[in-house]
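Peer 1: Here is my input; please provide its structure:
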Amino acid sequence: MGLVYTELTLRNAIDVGFAKLGNITEEEIRQTTVRALVDTGAGNLVINEAIREKLGLPFGGTSRGTLADGTKVGYQYVGPVEVIWKDRFYSGVVILLPDTDEVLLGAITLQAMDLMVHPKSEELVGVHGDEVLQRL
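Peer 2: Numbering: from 1, shown residues only. This is a model prediction of the structure:
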């Protein structure tokens, strides 16, 4: 299977809360659209420092993990961030790897949004289709 990329909208979830309270306007919510590599081997969504700064995401803490090449690294997590893909949504913290060039869409975020890589078409799809959301 080849590499699969998708477009995501990332929004500062704190800003979203402030907008719902009327403290800021919808237009003031910090957000960006990114091209993400769908990486089922990654645990969570991974962003770089430039995206963190653009969204104004605060640091949440630190942890340790292992990269695809086996290198063990310490990392910070940031957020909360809203992740939007078409009609799917996830809100939570994301991993910050300051020097990475690509946004990685990992397995935890995929599962939370009920998404998978279709093995034949090699594209991101809803696991249970759009009809699931129509029933909610």
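Peer 1: SS state for V73?
Peer 2: For V73, the assignment made with DSSP: H, G, I helix; E, B strand; the rest coil gives strand.
Peer 1: What is the lengthiest helix in the chain packed up against?
Peer 2: Among all segments of the chain classified by DSSP state H, the helix with the greatest residue count is helix 13-21. Applying 3 or more Cβ pairs under 8 Å, 6 or more residues apart in numbering; DSSP states H and E, one finds that helix 13-21 makes contact with strand 72-85. In short, each C-beta sits where N, CA and C put it, glycine included.
Peer 1: buried stuff in the helix or strand immediately after the strand it packs on in the chain?
Peer 2: Moving toward the C-terminus from strand 72-85, the next helix or strand (DSSP states H and E) is strand 88-96. Buried residues in strand 88-96, counted by 16 or more other Cβ atoms under 10 Å: R88, Y90, G92, V93, V94, I95, L96.
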